[in-house]
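Undergrad: predicted structure and sequence below. I'll ask about it afterward.
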Amino acid sequence: MSSLLWISLAHASRGDVTEAIASQEEALAITGERGENLYRAYALSILGLALLQSDPDRARAVEEQALQLYHTSGEILGIAVSVESLAWIAQRDGEVERAATLLGAAHTLWEQVGSVQVM
């Protein structure tokens, strides 16, 4: 499963969004069949990142799903990624106050995991 996550990140970093999306949709199918939530949350986060430019409405929906799964599993790093992604989406949609609030929350989360944002 982690291979699909890394493959998708590699595709996305090369600008091959179509392949990145396809890899994550495959990961979502696998995690859905098995009822695995943490890798599902990671797959949703990466899918959301891949969709930021092409389909921000879908990106928001999948990041919100990821955030919910991260929250139930207590995965602070994942929460930080999703909150920051949601901030980017809010900024893109002209919701500057919401974006600022989310970025502030993300910064606090990054500090909790001992990192200054990785995105």
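TA: Looks like it came in fine.
Undergrad: switch to C-alpha atoms for all contacts and neighbour counts from now on
TA: Noted.
Undergrad: L47 and E19 touch, don't they?
TA: No. If you go by C-alpha atoms under 8 Å, L47 and E19 don't touch, sitting 10.5 Å apart.
Undergrad: and the residue nearest the centre of this structure?
TA: S45 (2.1 Å; C-alpha atoms, centre = their mean).
Undergrad: run through the neighbouring helices and strands of the helix or strand containing that one.
TA: Here S45 sits within helix 38-51, counting by DSSP states H and E. Where contact means 3 or more C-alpha pairs under 8 Å, 6 or more residues apart in numbering; DSSP states H and E, helix 38-51 is packed against helix 2-13, helix 17-34, helix 56-73, helix 76-92.
Undergrad: and the ones you listed as JSON lines, adding mean neighbour count, distance to G114 and mean pLDDT?
TA: Output for the helices and strands packed on helix 38-51, formatted as JSON lines (neighbours: other C-alpha atoms under 10 Å; distance: least, C-alpha to C-alpha, whole Å; pLDDT from 0 to 100):
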{"stretch": "helix 2-13", "mean neighbour count": "17", "distance to G114": "22", "mean pLDDT": "81"}
{"stretch": "helix 17-34", "mean neighbour count": "18", "distance to G114": "27", "mean pLDDT": "89"}
{"stretch": "helix 56-73", "mean neighbour count": "20", "distance to G114": "18", "mean pLDDT": "95"}
{"stretch": "helix 76-92", "mean neighbour count": "23", "distance to G114": "10", "mean pLDDT": "94"}
